[in-house]
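>>> any chance you can model this:
(chains A, B and C)
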Amino acid sequence: MSEHALDSNGRLRHLITLEGLGRQHIEDLLDRACELRLAFADGACGPQLLRGRTIVNLFFEASTRTRSSFELAARRLGATVLNFEMSSSSTSKGETLEDTLATLEAMQADAFVVRHRENGTPERLARHAKRAAVLNAGDGNHAHPTQGLLDALTIRDRHPDFSRLKVTLCGDIRHSRVARSDLHVLGALGTGEIRLCGPAALMPPVDEFPGCRVFEDFDDALSGSDVLIMLRLQRERMAEALVSDEAEYFRRFGLTSERLRHAAPEALVMHPGPMNRGIEIAADVADGPQSVILEQVSNGIPVRMAALASLLGA
Amino acid sequence: MSEHALDSNGRLRHLITLEGLGRQHIEDLLDRACELRLAFADGACGPQLLRGRTIVNLFFEASTRTRSSFELAARRLGATVLNFEMSSSSTSKGETLEDTLATLEAMQADAFVVRHRENGTPERLARHAKRAAVLNAGDGNHAHPTQGLLDALTIRDRHPDFSRLKVTLCGDIRHSRVARSDLHVLGALGTGEIRLCGPAALMPPVDEFPGCRVFEDFDDALSGSDVLIMLRLQRERMAEALVSDEAEYFRRFGLTSERLRHAAPEALVMHPGPMNRGIEIAADVADGPQSVILEQVSNGIPVRMAALASLLGA
Amino acid sequence: MSEHALDSNGRLRHLITLEGLGRQHIEDLLDRACELRLAFADGACGPQLLRGRTIVNLFFEASTRTRSSFELAARRLGATVLNFEMSSSSTSKGETLEDTLATLEAMQADAFVVRHRENGTPERLARHAKRAAVLNAGDGNHAHPTQGLLDALTIRDRHPDFSRLKVTLCGDIRHSRVARSDLHVLGALGTGEIRLCGPAALMPPVDEFPGCRVFEDFDDALSGSDVLIMLRLQRERMAEALVSDEAEYFRRFGLTSERLRHAAPEALVMHPGPMNRGIEIAADVADGPQSVILEQVSNGIPVRMAALASLLGA
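Numbers count the residues shown, from 1 in each chain, chains lettered A, B, ... in the order given. Okay, the predicted model is just below:
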């Protein structure tokens, strides 16, 4: 965990990674997300906790779902939201990212939601922020903490006791910030067993996922699993020839309805999206009765509301 | 009309096309637009009918005016609006459009406003939507229903009885979704006579505009016309050599003040914008006393308010 | 001053330039900015003066800070804001800028905030506007009036009496709209002495900055100065070979902590941003105790609130 993540009272000040974050902090965030989910159910106008606050989305990588989710979370809580797609604009004028942050803080920005292809950028900005909170919306293959939290919430809704659960992560674990944040949150919540499966070239260094069981064969990994988290295959990895072709990948690691029968009855099927149908997951499984993929999306909003409200002391 | 456009109580559920939509539905929308126009006159804060609702603009074609009009309609009614220019972002990650829609619905999007270059995309999304309403903001040369409605409202303000009217559509009718939606709304409202005029290469197949009178000569078409709807000439059509050159087009089909004298006294001059001054229409006619082009723009807002509020049951 | 800037009651109708604007108008704007700064201090929700109003940002040049500042000013006052990055969209369809303005006015836009690389575009649009106010957010090297006002406010906070002040502008004065607007506001407020310094190729024609003292040597200019306004060096100017290289520029005109000792004790260090650290200004000076650069940014919001509210009669 970042040394800057907690303030002197032990309150969460930034949300950069879930690594090292205590179980109580995580449970508090999930409990708050549940409250807010209820308060905003069926399009109800819930509490305007962030009225008068300004949230800045700094996205250096394109994103539809994560940016929308953060934006809706903030706006439904009454905040003003500014969006920056930073691929081009500000940095083209030679200004440092730190100066951009300081400038927006001087305009009374209260929080920055940052996505960047390089590991560590959100942490770096958090170190520089004087007053504003920084929320990591995904950096490189490092962390995507709100995705970890929403995955945990989706699982907890069905299985409050994590100690009995076998959870399998399948796919490109090496390059996945989602896998890392899932690992940290599942660990903190005392998950019984965490399994990893995927092509050898896409498996992480052994010491990065301590305590996990690694499977070469997907059917073995599935056997008895209560939760299956299918990871997105980045097309770029194909190009790097780490995976020979999509059909072969699907044959070995794609989740089909037949294969799903190896898992525990009513095992949850999860995917952080966007999905490559027919590569990581068969369409009928994605849309089937065990899929909670759209619940994950729905839970993203109250989880991000909870994170924003908690960080801003609201 | 789409089979999905009405719900089991005969209430409008999506707005994909005006074709086949009953006169009562159209009159109801226009009446509601009038109420809302009054409620928001002179910058007044009217009823916040869409407070707590989320409207998503999915624009796969660039548009300033239609997107702004929908956005202002929704926001003045209190809705939260998300804008997506979809040329690049989401689909570049290989996600299907249906999955993008399902994802945004899972975030409690209540309506999608869709513009796409291909006929049928809004209909396809409407078929896929679980709960949200889909509004067509223009698809290919198929339909642009809110444009048809705002044109009808602009005419009805001056001429409540459509049965006495001669309305002339002039220009690239073949490729015009505006012409098709105008045809459908004018037909439903019992317009006395609908006239079509334009270069032969830009006239539609005869069976697509049943009951219309076709004129080769613009002056003949103008004679006695009460309403003139000048259509935008797409520059792309030039490139396709369907029209030899702009000066020649203006000479034959451009609306000049001289030519306007052939029409009925006080005939209304309309154009859906953006205008090519000096090609479809002379600048002094566009800005002249018979022009209601800016009234069309103004009416776009309450018409879209009415459509959004009606579809969302607000 | 534009002949269109004042209405028949002498009230400000557009804000195009500060040139020729009377001292009373300027003092009124600065006083109002102070009130609004107080009302919105510490994230408080101040008066919703622009509720129900629509502000359109028309930016033909990329800008992070100025657009954000105007947007936050407008939204914190309760306005609806539409953003257009006009590099591509509207004008690509062949519509004139005047028609775009008329269209958005017909949608009840109340004000246009315009940035354009060509001198005179905001003035031209103001001439065309029927009802809406036009605010210049920077045009060519002509004017950037809200920057001038926020610079004046930042100075006035420390030095209410301008008649005793020596203010030095340093850098690319020839191409700087900021320098011109600063000159006009400093002149109107009766500044004791205005000094200009920079490479010969970047100095303005002598008659454009009447009454200013021109210095070749930066140390001479600094001597006894109470306020130092360091201007941004446009990289494009480098390319034009007006400045040989960045290191040489910094050596001659860069503000270092050593050099700062030549100025009056506690002299204010200002920069309109974005900064090129190590070119116009050393990092330790930019971040040092005499720097009020972030105060300038903060003051931008209430200054723009004051301008919008005053122009819209709110």
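>>> so what's the residue nearest to the spatial centre of chain A up against?
Most central in chain A under C-alpha atoms, centre = their mean is A:Gln147, positioned 1.7 Å from the mean C-alpha point. By C-beta atoms under 8 Å, 6 or more residues apart in numbering or on different chains, A:Gln147 lies in contact with A:66, A:138, A:177-178, A:181-182, A:272, A:300. Every C-beta, even on glycine, is put in place using the N, C-alpha and C of the backbone.
>>> same deal with A:Glu85?
Counting by C-beta under 8 Å, 6+ apart, A:Glu85 touches A:59, A:62.
>>> show the pLDDT at it.
For A:Glu85, the pLDDT comes out at 83.
>>> briefly note if the longest helix along chain A comes near chain C.
Secondary structure assigned by DSSP state H gives helix A:293-311 as the longest helix of chain A. No. Using C-beta under 8 Å from any C-beta of the partner chain, we find that helix A:293-311 stays clear of chain C, coming within 14.1 Å at best.
>>> now the residue nearest to the centre of chain A: which helix or strand?
According to DSSP states H and E, A:Gln147 maps onto helix A:145-158.
>>> in that helix, what counts as buried?
Residues of helix A:145-158 classed as buried: A:145-156 (neighbour count, 16 or more other C-beta atoms under 10 Å in any protein chain shown).
>>> closest one to A:Ala267 out of the residues you listed, please.
A:Ile155 (11.1 Å; C-beta to C-beta).
>>> chain neighbours aside, what residue packs nearest to the closest one?
Distance criterion C-beta to C-beta, 6 or more residues apart in numbering or on different chains; nearest residue to A:Ile155, sequence neighbours excluded, is A:Val227 at 5.7 Å.
>>> count the neighbours of the one you found for me.
27 (other C-beta atoms under 10 Å in any protein chain shown).
>>> check what pLDDT it gets.
pLDDT recorded at A:Val227 is 98.
>>> what's near enough to touch it?
Residues in contact with A:Val227 (C-beta under 8 Å, 6+ apart) are A:155, A:159, A:165-168, A:267-268, A:270.
>>> most neighbours out of those residues, which is it?
Counting neighbours by other C-beta under 10 Å, A:Thr168 leads the contacts of A:Val227 with 27 neighbours.
>>> next, that residue: secondary structure please.
The local conformation at A:Thr168, judged by DSSP: H, G, I helix; E, B strand; the rest coil, is strand.
>>> what sits opposite it in the beta ladder?
With DSSP bridges as the criterion, A:Thr168 is bridged to A:Arg195, A:Leu228.
>>> for chain A, which residues are neighbours of chain B?
Proximity of chain A to chain B is confined to A:40, A:43-45, A:62-65, A:68-69, A:71-72, A:75-76, A:235, A:273-277, A:294-295, A:297-298, A:300-301 under the rule C-beta under 8 Å from any C-beta.
>>> drop anything exposed from those residues.
Buried residues within those, defined by neighbour count using 16+ other C-beta under 10 Å: A:40, A:63-65, A:68-69, A:71-72, A:75-76, A:273-277, A:294-295, A:297-298, A:300-301.
>>> the strands in the stretch 101-250 of chain A, which residues?
Taking DSSP state E, counting those that start in this stretch, the strands of the stretch 101-250 of chain A run over residues A:111-116, A:133-139, A:166-170, A:193-197, A:213-215, A:227-230.
>>> now the ones you listed as JSON lines including distance to B:Gly211?
Listed next are the strands of the stretch 101-250 of chain A as JSON lines, based on distance: least, C-beta to C-beta, whole Å:
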{"stretch": "strand A:111-116", "distance to B:Gly211": "55"}
{"stretch": "strand A:133-139", "distance to B:Gly211": "56"}
{"stretch": "strand A:166-170", "distance to B:Gly211": "61"}
{"stretch": "strand A:193-197", "distance to B:Gly211": "65"}
{"stretch": "strand A:213-215", "distance to B:Gly211": "69"}
{"stretch": "strand A:227-230", "distance to B:Gly211": "55"}
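>>> for C:Asp220, which of those strands is the nearest?
Nearest of the strands of the stretch 101-250 of chain A to C:Asp220, taken as C-beta to C-beta: strand A:111-116 at 42.7 Å.
>>> only alpha carbons, please: show the closest one as PDB.
Output of strand A:111-116 as PDB, limited to C-alpha atoms (Å, rounded to 0.1, in the frame of the first residue of the first chain):
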ATOM      1  CA  ALA A 111     -10.500  14.400  -6.500                       C
ATOM      2  CA  PHE A 112      -8.600  13.100  -9.500                       C
ATOM      3  CA  VAL A 113      -9.600   9.800 -11.100                       C
ATOM      4  CA  VAL A 114      -6.500   8.700 -13.100                       C
ATOM      5  CA  ARG A 115      -6.000   6.000 -15.700                       C
ATOM      6  CA  HIS A 116      -2.600   5.600 -17.300                       C
END
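>>> for that strand, give the mean pLDDT please.
What strand A:111-116 shows for mean pLDDT is 97.
>>> before we move on, the earlier item: grab the nearest non-local neighbour of the residue nearest to the centre of chain A.
Residue nearest to A:Gln147 in three dimensions, not counting chain neighbours: A:Val178, with 5.1 Å by C-beta to C-beta, 6+ apart.
>>> in stretch A:298-314, what's buried?
Using 16+ other C-beta under 10 Å as the test for burial, stretch A:298-314 gives A:298-312, A:314.
>>> so where is the stretch 51-200 of chain A shaky, pLDDT-wise?
Applying pLDDT under 70 to the stretch 51-200 of chain A flags residues A:87-93.
>>> all helices of it, in order?
A:65-76, A:97-106, A:121-128, A:145-158, A:177-188 (DSSP state H, counting those that start in this stretch).
>>> out of those helices, which gets nearest to A:Leu6?
Taking C-beta to C-beta, helix A:121-128 is the member of the helices of the stretch 51-200 of chain A nearest to A:Leu6, at 11.4 Å.
>>> report the buried residues of the closest one.
The neighbour-count check on helix A:121-128 (16+ other C-beta under 10 Å) flags A:121-126, A:128 as buried.
>>> closest one of the residues you listed to C:Arg53?
In terms of C-beta to C-beta, no member of the buried residues of helix A:121-128 lies closer to C:Arg53 than A:Leu125, at 33.9 Å.
>>> the closest one: what's it in contact with?
A:Leu125 makes contact with A:97-98, A:101, A:112, A:114, A:134 under the criterion C-beta under 8 Å, 6+ apart.
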